[in-house]
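Participant: Build the 3D model from these lines:
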Amino acid sequence: LMQVASLQQEALGDITAAEGTYRRVLGLDPEDADLVLPAARALEAIYVGSNRPEELADVLRLQVALESDGERRGELLARIGELSAEVLGDTEGAIAAWEARLEETPDEPEALAALDDLYTRAGRWEQLVGVLERRRDLASGEERRALLLRQAEVQRDRLEQKSAAVETFQSIVDEFGPAAEIYQSLEGLFAELERWDDLNETYERHLDIVETDEERLAVLAALGNSRRDHTKDYPGALEAYRRAISIDSTHGASRAALNEMLALEDRTARMEAAEILHPIYEAEGDHARLIEIVEIEVEVADDPSERLDKLELATRIAEDALDDAARAYGYAERAVRDAAAQGDVTPYLVTLDRLAGTTGRRREQAEVLEAIVPELFDGDLQVDVTRRVAELHRYELGSPERAKETYCKVLELRADDRASLLALEELYGESGEAA
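Facilitator: Numbering: from 1, shown residues only. This next block holds a predicted model:
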């Protein structure tokens, strides 16, 4: 039959008849390799020449089943794999062929590369990771690094094996040295895994290799946010923001974070955030924000004299820069109350008196002065302040009776206070009473 088929094919040029005869040979004893293989190879040539890929794939598989030569069998499997993938669009068939080849020749680079591509197309991610691991073990240099990177990305993005991806990314750093894109990947994974200490440590290592100020600022802000929000390491967060601001005082993310820290319950953190922002707003002439910072500095100040200095500064900013006398009066009043217990209250009394006149808040001024008199250590100052209260009631508030009462209090403090005696004589005369 083989001779008949050969005559039909070569002498008569009757390909169809020859195909039929070769197929009859295949059916005589499908398990007889010596009989079947020559006919299968002849059919292979016919199907290649007539561009019949499906029939070609079938006779190649038949040859694989009967071929005893390992090298030849590997070549046939490779052809089946390529034909299935590139011509027939049979991804699963191609995978089966290349897997069979890999069983014949473990770690064969061509088979591994083919399966890499096919597993990716088929979305068979677990098998892909296995192939990538085998390929990377055979590779070196940049090729090995690229395979490790792909493995890590598949573990992270396709399999959601976050911890495994971390190990693979870290192995890249250990073997090939630090790289920004690897640190960025690790940072994202540590955040998802809520491994905050590892995240902060990675940010710190990332800072060692950044090349531009823009990158450094972004990493510093991220480090500060992580320390602030996740580990409650406020000193560490402030240190990161301070470094960023020292590079670029206009850095929006760091400034926003510092402003958020102004609202923390931690007094020390609030104070340090204010200290960082104060010179920035002062230099920029942003008095609206500056006065907010000064208010916080007043609130958190432990030293009474520092608190007074800040109140005085707030008063000046409100009055001069913001043209807000009413707000300035509020700060001046607080300064007077604080200074009364400290000693030298006179400068603050002068400021309060001026602002009370400007804002028409003489009644409030009188109440403040009356309240601080018992706290004053200086007897002469007690007399002066009490007399000023009496004058306010007499000349500004239209309350002669209250003025009389207050002048009398002056005389209780100093019986021979001439100004108060004269004032009382005038008041009693005006009312027709006897002094």
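Participant: buried ones in stretch 382-400?
Facilitator: Using 16 or more other Cβ atoms under 10 Å as the test for burial, stretch 382-400 gives 382-394, 397, 399. Every C-beta, even on glycine, is put in place using the N, C-alpha and C of the backbone.
Participant: Check stretch 188-199 too.
Facilitator: Of the residues in stretch 188-199, those buried under the neighbour-count criterion (16+ other Cβ under 10 Å) are G188, L189, F190, A191, R195, W196, D198, L199.
Participant: so who does the last one touch?
Facilitator: When the contact criterion is Cβ atoms under 8 Å, 6 or more residues apart in numbering, the partners of L199 are E187, F190, A191, S226, H230.
Participant: In strands, which of those appear?
Facilitator: With strands defined by DSSP state E, no entry of these lies inside them.
Participant: Take the residues you listed and write them to a markdown table, including distance to R144.
Facilitator: Compiled in a markdown table, those are given as follows (distance: Cβ to Cβ, whole Å):
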| residue | distance to R144 |
| --- | --- |
| E187 | 23 |
| F190 | 24 |
| A191 | 28 |
| S226 | 32 |
| H230 | 34 |
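Participant: Sort out for me which of those residues are in helices.
Facilitator: In helices, defined here by DSSP state H, the members of these are E187, F190, A191, S226.
Participant: if I pick the most centrally placed residue in the chain, what's in contact with it?
Facilitator: The structure's the chain has its C-alpha centroid closest to A222; by Cα atoms, centre = their mean the separation is 4.2 Å. Taking Cβ under 8 Å, 6+ apart as the contact definition, A222 lies against E187, Y203.
Participant: now A221
Facilitator: With contacts defined as Cβ under 8 Å, 6+ apart, A221 is in contact with A240, Y241, A244, H251, A253, S254, A257.
Participant: Scan those residues and report the most crowded one.
Facilitator: Y241 (29 neighbours; other Cβ atoms under 10 Å).
Participant: In which helix or strand does the residue nearest to the centre of the chain reside?
Facilitator: helix 213-229 (DSSP states H and E).
Participant: That helix: which residues count as buried?
Facilitator: Of the residues in helix 213-229, those scored as buried under the neighbour-count criterion (16+ other Cβ under 10 Å) are 216-228.
Participant: Poorly predicted segments of this structure, please.
Facilitator: In the predicted model of the chain, residues 1-2, 5, 8, 11, 13, 433-435 satisfy pLDDT under 70.
Participant: show me where the stretch 151-300 of the chain has helices.
Facilitator: Counting by DSSP state H, counting those that start in this stretch, the stretch 151-300 of the chain has helices at residues 162-176, 180-193, 196-207, 213-229, 234-247, 252-261, 267-284, 287-300.
Participant: Compare these and report which one is nearest to Q151.
Facilitator: Smallest distance to Q151 across the helices of the stretch 151-300 of the chain (Cβ to Cβ): 5.4 Å, for helix 162-176.
Participant: buried stuff in that closest one?
Facilitator: If you call a residue buried by 16+ other Cβ under 10 Å, then helix 162-176 has these buried ones: A164, A165, V166, T168, F169, Q170, I172.
Participant: try stretch 144-157
Facilitator: By 16+ other Cβ under 10 Å, the buried positions in stretch 144-157 come out as R144, R145, L147, L148, L149, R150, Q151, A152, V154, Q155, R156.
Participant: do you know how far the nearest residue to D29 once chain neighbours are set aside is from T202?
Facilitator: Spatial nearest neighbour of D29, chain neighbours left out: L35 (5.6 Å); criterion: Cβ to Cβ, 6 or more residues apart in numbering. As for L35, its distance to T202 is 67 Å (criterion: Cβ to Cβ, to the nearest Å).
Participant: cool, E396 as well?
Facilitator: Taking Cβ to Cβ as the criterion, E396 is separated from T202 by 67 Å.
Participant: how about the strands in this structure?
Facilitator: Going by DSSP E, the chain shows no strands.
Participant: For the nearest residue to A221 once chain neighbours are set aside, list the residues it contacts.
Facilitator: Here the nearest residue to A221 in space, its sequence neighbours aside, is A253; by Cβ to Cβ, 6+ apart that works out to 4.0 Å. Neighbour list for A253: L217, A218, A221, A244 [criterion: Cβ under 8 Å, 6+ apart].
Participant: How about E282?
Facilitator: Under the criterion of Cβ under 8 Å, 6+ apart, the contact list for E282 reads L290.
Participant: contacts for stretch 412-420?
Facilitator: With Cβ under 8 Å, 6+ apart as the test, stretch 412-420 has contacts from G379, Q382, V383, T386, R387, A390, Y407, V410, L411.
Participant: can I get the helices of the stretch 151-300 of the chain in CSV with distance to I80?
Facilitator: Supplementary listing: the helices of the stretch 151-300 of the chain in CSV, determined by distance: least, Cβ to Cβ, whole Å:
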stretch, distance to I80
helix 162-176, 33
helix 180-193, 38
helix 196-207, 47
helix 213-229, 50
helix 234-247, 59
helix 252-261, 57
helix 267-284, 68
helix 287-300, 73
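Participant: nearest to A40, of those?
Facilitator: helix 162-176 (44.9 Å).
Participant: R121 reaches T91, doesn't it?
Facilitator: Yes. Counting by Cβ atoms under 8 Å, a contact exists between R121 and T91, whose distance comes to 5.6 Å.
Participant: higher neighbour count, the two?
Facilitator: Comparing R121 with T91 by neighbour count (other Cβ under 10 Å), the higher total belongs to T91, at 16 against 12.
Participant: surely that one meets T120?
Facilitator: No. In terms of Cβ under 8 Å, T91 does not count as a neighbour of T120; the distance is 10.3 Å.
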